[in-house]
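Novice: Predicted coordinates and the sequence they were generated for:
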Amino acid sequence: MDGTADSVVSALSEDECWNLLARGELGRLALTIGGEPDIFPVNYVVDGPRVLFRTAPGSKLAELSVRPRVAFEVDEHDETFGASVVLKGVAERLELQSEIDLADALPLISWIPTLKYRWVRIIPTTVTGRRFQRGPEPDRYSASASDAWT
């Protein structure tokens, strides 16, 4: 490994991004609440080219009705690599009972024991991702500290 950014970081294709999203179950939803950015961890499920999650009434759901533009991020890693996908899009609450019934049949399992009946889907406008090769950080400076002062 030569340690250059090109050798350790590579872009994921759109298919690779969706495959990573499909493997995950916990992501981070970024939105604006009261003019300030905020991030929420959410359990999610992928259904076709969309991400869905459930939520309870509150500030997150209310704000999505007013400002539906969101970002959604998921990571995965092991000892040799890391990868991150960022999906940007428009969040919309499912309103039709037929859509809610279809969403209820998806394999979404909440990590916390709370009731969340409101389904939200994110319709993506962009999906990007990167894969990172893991390893030790290279030496920061090639010159010794004493050479830097002369």
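Specialist: In hand now; what should we look at?
Novice: tell me which residues in stretch 130-140 are buried?
Specialist: For stretch 130-140, burial by neighbour count (16 or more other CB atoms under 10 Å) applies to 131, 132. For glycine as for every other residue, the C-beta is placed from the backbone atoms N, C-alpha and C.
Novice: C-alpha coordinates for the biggest helix by length in the chain, PDB please?
Specialist: Longest helix in the chain by number of residues (criterion: DSSP state H): helix 14-23. Extracted in PDB, the C-alpha atoms of helix 14-23 (Å, rounded to 0.1, in the frame of the first residue of the first chain):
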ATOM      1  CA  GLU A  14     -24.800   2.800  -7.200                       C
ATOM      2  CA  ASP A  15     -25.400  -1.000  -7.100                       C
ATOM      3  CA  GLU A  16     -22.700  -1.400  -4.400                       C
ATOM      4  CA  CYS A  17     -24.300   1.400  -2.400                       C
ATOM      5  CA  TRP A  18     -27.700  -0.200  -2.500                       C
ATOM      6  CA  ASN A  19     -26.200  -3.600  -1.500                       C
ATOM      7  CA  LEU A  20     -24.500  -2.000   1.500                       C
ATOM      8  CA  LEU A  21     -27.800  -0.300   2.400                       C
ATOM      9  CA  ALA A  22     -29.700  -3.600   2.100                       C
ATOM     10  CA  ARG A  23     -27.200  -5.300   4.500                       C
END
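Novice: Packing partners of it?
Specialist: Using 3 or more CB pairs under 8 Å, 6 or more residues apart in numbering; DSSP states H and E, the elements in contact with helix 14-23 are strand 45-46, strand 69-77, strand 81-93, strand 118-133.
Novice: Output those as TSV; include the columns distance to residue 36 and mean pLDDT.
Specialist: Below are the helices and strands packed on helix 14-23 laid out as TSV (distance: least, CB to CB, whole Å; pLDDT from 0 to 100):
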stretch	distance to residue 36	mean pLDDT
strand 45-46	28	96
strand 69-77	14	95
strand 81-93	17	95
strand 118-133	20	95
